[in-house]
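Undergrad: Quick one: sequence and predicted model below, then my questions.
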Amino acid sequence: MDMLAELTENAVSHCFDNGFTLAMERLPYLHSASVGIWIRTGSANEDPAVAGVAHFLEHLLFKGTDKRTPHEIMEEIEGKGGHLNAFTSRGYTCLYAKVLGKDVGTAIDVLSDLIKNSVFADLDKERGVVLEEIAAIEDTPDELIHDLFGEHHWPNHPLGRPVIGYNKTVQDLDLDKVRDFYTTWYQPQNMVLSIAGNFDEDAVLAQVRDEFECVASTLIPDECGSPEFKTGGAKVDRDIAQAHINLAFPGPPLGDEERYVCDMTSCILGGGSTSRLFERIREDEGLAYSIYTFHSFYPMAGIVGGYAGVAPQNCARTFELIFEEIRKLRDEGVPEVELNSNREQIKGNMLMAMENTFSRMSRLAKCHLYYGRIIPVQEVIDHIDAVTVDRVKAFSEKTFRADQCSIMVLGPDAAQVPETVAL
């Protein structure tokens, strides 16, 4: 563990005068590297009328540049055995490539070209692709429930809207709206180029400096304020075989150190095959195939909750057991041995993920996007080790209350929201 913690101390950062940041971690014993350009913008920065524009823009960046066709963009990377892709979340957008060490220069060149020189072509054609992506989510209830639930517990706030947007808003997007979002948020001070793996640090610094140091920057708007968390239950009728259950409570925001306690508490309840909800509801009762807890932290708010997919006639019993297990944790606390087991699970998952260059590259970027520095692994481990049974109990008592619970059920008529939250 100490060796891995020390290894991340080799990560270095450079911030250019225009605010663009380069974060590097050289791992000379590898043959490959992951390179990503991260932009601190996503669906949480969208106005309601253009919901989905951040994700739509991410698609359009790959539709050609001043010097490359869409085919040439992909061929430059895939033709060398690499991988090129992108994704959009509520808080950030990332374009990334994984390549052999000798091809890092090509990856940086292609990614820089996409970010700076896109011609935003084939808008109507790509609109059709995104609409099919929305339709695919509509046909996948265990995904759809999370989008619908976000709108329920964070109504009238961009954090609650689906990242992909809606049919109507995507249909209404035009080139002016896309370009306006791009020029507003794709600013140097809002970007990080992160790289982890085997590469020449001096060569990467020189290339990135050449690509981005002279890019002019303008002020970006302030982020939106914190959302109001809406409690209570909601039912969405669908003629499907299963009932899909979501429940959630307000959690700490991204900058709050209580997020480590929240992470631990979530892990104890439903973080794996030895968690309380998994053992009780799947192993003991046989009511669900998929049951887990989730937690998300954003600069303005956080959430902790759980999901289960069950037969409609088992919906009420599943809620009863979930409430019972939450009450036990809140009222009785967690034994030291169980806490330590979950502590090791969290640390082990984190450290094993760091054997992957994409995970390391992502970690460097997120540290800079949200904290303005690279947080040493040992610092994270220290925070995890500082979580005690008393802190878990205090967090549970504060968080898991009936008057702070939000619930949604997606399914047929037989599946119903419980009349009372038994907490």
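TA: It's in.
Undergrad: how about the strands of the stretch 201-350 of the chain, start to end?
TA: 232-237, 243-251, 288-297, 302-310 (DSSP state E, counting those that start in this stretch).
Undergrad: With distance to residue 125 and mean pLDDT added, can I get those in TSV?
TA: In this view, the C-beta of every residue, glycine as well, is placed from N, C-alpha and C. Shown next, in TSV, are the strands of the stretch 201-350 of the chain (distance: least, C-beta to C-beta, whole Å; pLDDT from 0 to 100):
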stretch	distance to residue 125	mean pLDDT
strand 232-237	32	97
strand 243-251	33	97
strand 288-297	33	97
strand 302-310	35	98
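Undergrad: Could you say which of the ones you listed is packed most deeply?
TA: strand 243-251 (a mean of 25; mean count of other C-beta atoms under 10 Å).
Undergrad: Each with direction, which strands does that one pair with?
TA: strand 302-310 (antiparallel), strand 406-411 (antiparallel) (DSSP bridges).
Undergrad: what angle separates the first one from strand 288-297?
TA: An angle of 170 degrees separates the directions of strand 302-310 and strand 288-297 when computed by axes from the mean of the first three to the mean of the last three C-alpha atoms, to 10 degrees.
Undergrad: for strand 302-310, the distance to its chain's centre please.
TA: Distance of strand 302-310 from the chain centroid (C-alpha atoms, centre = their mean, to the nearest Å) equals 15 Å.
Undergrad: and if you look at stretch 250-265?
TA: 15 Å.
Undergrad: May I see the strands of the stretch 201-350 of the chain arranged in TSV, with distance to residue 403 as well?
TA: What follows is the strands of the stretch 201-350 of the chain, written out as TSV (distance: least, C-beta to C-beta, whole Å):
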stretch	distance to residue 403
strand 232-237	10
strand 243-251	10
strand 288-297	20
strand 302-310	16
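Undergrad: To residue 188, which of these lies closest?
TA: Closest to residue 188 of the strands of the stretch 201-350 of the chain, according to C-beta to C-beta: strand 288-297, at 25.7 Å.
Undergrad: what residues does the closest one touch?
TA: 142, 251-254, 256, 259, 262-263, 266-267, 269-271, 275, 277-278, 281-282, 302-310, 314, 318 (C-beta atoms under 8 Å, 6 or more residues apart in numbering).
Undergrad: And stretch 29-40, by the same measure?
TA: By C-beta under 8 Å, 6+ apart, stretch 29-40 touches 91-101, 104, 107-108, 111-112, 114-115, 185-186, 190-199, 357-358, 360-362, 365-366, 369.
Undergrad: Sort out which residues of that stretch are buried, please.
TA: 30, 32-40 (16 or more other C-beta atoms under 10 Å).
Undergrad: Same question for stretch 38-54.
TA: For stretch 38-54, the neighbour count (16+ other C-beta under 10 Å) marks 38-46, 50-54 as buried.
Undergrad: List the ones among the contacts of stretch 29-40 that fall in helices.
TA: 104, 107-108, 111-112, 114-115, 185, 357-358, 360-362, 365-366, 369 (DSSP state H).
Undergrad: If we only consider those residues, which is nearest to residue 393?
TA: Minimum distance to residue 393 across the ones in helices among the contacts of stretch 29-40 is 29.6 Å, recorded for residue 366 (C-beta to C-beta).
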